[in-house]
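1. sequence unknown, structure follows:
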């Protein structure tokens with residue numbers, strides 16, 4: 001889970017806040033400044049000059065959402081596709097909002113589809129995590145977070161101190177709190193996945209792992225890929241389930257020990273984290289051999305695949 005901070009049109013984000021928009025089109029006036037290295041489910045933080053939250057003229061973080069995909073399109077097409085999700089009540093208002101940032105309406109506009117949007121009850125100041133000097137006032141400006149997992153954790157933890165705004169309904173506030181909790185947990189899961197990595201499987205194991213992926217994992221829309229090809233996760237009922245296909249040859253001691261070592265790392269790094277389940281897909285004999293290597297925690301389940 002990576003993250004980027006984007007300068008935000010104040011009027012757009014305030015419109016979305018007042019309307020409690022959970023799905024938005026985050027537009028940027030020019031198509032020339034595409035954001036590189038932005039992938040589905042990455043976080044986009046909104047950097048705004050928000051006088052309504054007592055921040056003066058300072059740039060502050062006022063919320064965030066999850067990136068889905070991007071489009072390059074004309075203003076007309078953008079309005080036809082997204083309507084009020086553009087943060088304006090009419091096409092004319094959208095035209096006027098974009099005109100505030102550019103002399104001429106560009107033929108193509110950069111659009112970021114964002115879902116699961118959260119609005120902070122109080123601003124988070126970028127000076128607290130060293131990003132303020134990396135972005136300017138222009139709407140195309142953006143910056144990646146340094147030490148992204150640590151910084152994401154800091155921002156979201158800060159947001160939980162005053163999550164929810166008095167402008168929002170109580171149900172929405174509870175929904176936002178749950179979303180922040182989920183993102184804090186998933187940020188840690190992504191961090192662990194990067195630290196543990198993935199074994200350099202031989203072709204035979206890759207082929208068997210891919211069959212498991214296809215049969216059990218990629219067909220379920222609620223199961224998504226983590227970082228590496230054979231790491232998946234799902235979020236159900238406030239619980240993260242991690243799926244690890246490990247169809248190693250049980251008669252190869254080297255691979256059994258390598259798999260045991262990697263699972264031990266997963267075990268150690270998730271032991272003190274609530275609401276995480278790990279499901280490991282293995283061949284029949286592999287389960288016995290892996291159980292002989294170590295005593296696994298209660299949150300780790302071995303699923304035998306013939």
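-> Here it is on my side, so go on. Keep in mind that what you see is a predicted model, and the values were worked out from it rather than measured.
2. and the chain, what are its domain boundaries?
-> With automatic domain parsing as the criterion, the domains of the chain are listed as 3-191, 198-304.
3. go through stretch 91-102 and flag the buried ones.
-> By 16 or more other C-beta atoms under 10 Å, the buried positions in stretch 91-102 come out as 93, 94, 97, 98, 101. Where C-beta positions appear, they are placed from N, C-alpha and C, glycine not excepted.
4. reformat the domains of the chain as a markdown table; add mean pLDDT.
-> Formatted as a markdown table, the domains of the chain follow (pLDDT from 0 to 100):
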| stretch | mean pLDDT |
| --- | --- |
| domain 3-191 | 84 |
| domain 198-304 | 91 |
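5. name the stretch among those that sits most buried.
-> Mean neighbour count (mean count of other C-beta atoms under 10 Å) peaks for domain 3-191 among those, with a mean of 18.
6. could you pull out the helices for the stretch 201-306 of the chain?
-> For the stretch 201-306 of the chain, helices defined by DSSP state H, counting those that start in this stretch occupy the ranges 203-212, 253-270, 284-293.
7. phi, psi of the closest residue to residue 178 other than its chain neighbours?
-> Excluding the flanking residues, the one nearest residue 178 by C-beta to C-beta, 6 or more residues apart in numbering is residue 238, at 7.3 Å. Dihedral pair for residue 238: phi 70, psi 20, per degrees, to the nearest 10.
8. mind listing what the residue of the chain most remote from its centre touches?
-> Computed with C-alpha atoms, centre = their mean, the residue of the chain farthest from its C-alpha average is residue 251, at 39.0 Å. With contact set as C-beta atoms under 8 Å, 6 or more residues apart in numbering, residue 251 has these partners: residue 285.
9. can you tell me how far it sits from residue 189?
-> Counting by C-beta to C-beta, to the nearest Å, the gap from residue 251 to residue 189 is 32 Å.
10. same thing with residue 101?
-> As judged by C-beta to C-beta, residue 101 and residue 189 stand 37 Å apart.
11. and residue 260, by the same measure?
-> Counting by C-beta to C-beta, the gap from residue 260 to residue 189 is 21 Å.
12. helix or strand for the nearest residue to residue 112 once chain neighbours are set aside, which one?
-> By the measure of C-beta to C-beta, 6+ apart, the closest residue to residue 112 outside its immediate chain neighbours is residue 26, 4.2 Å from it. Here residue 26, judged by DSSP states H and E, is contained in strand 24-28.
13. strand partners of that strand, parallel vs antiparallel please.
-> Strand 24-28 sits in its sheet next to strand 109-124 (antiparallel), going by DSSP bridges.
14. now the strand it pairs with: how far from the chain's centre is it?
-> Centroid separation for strand 109-124 versus its chain: 12 Å, with C-alpha atoms, centre = their mean, to the nearest Å.
15. endpoint to endpoint, stretch 227-238 covers what distance?
-> By C-alpha to C-alpha, to the nearest Å, the extent of stretch 227-238 from end to end equals 21 Å.
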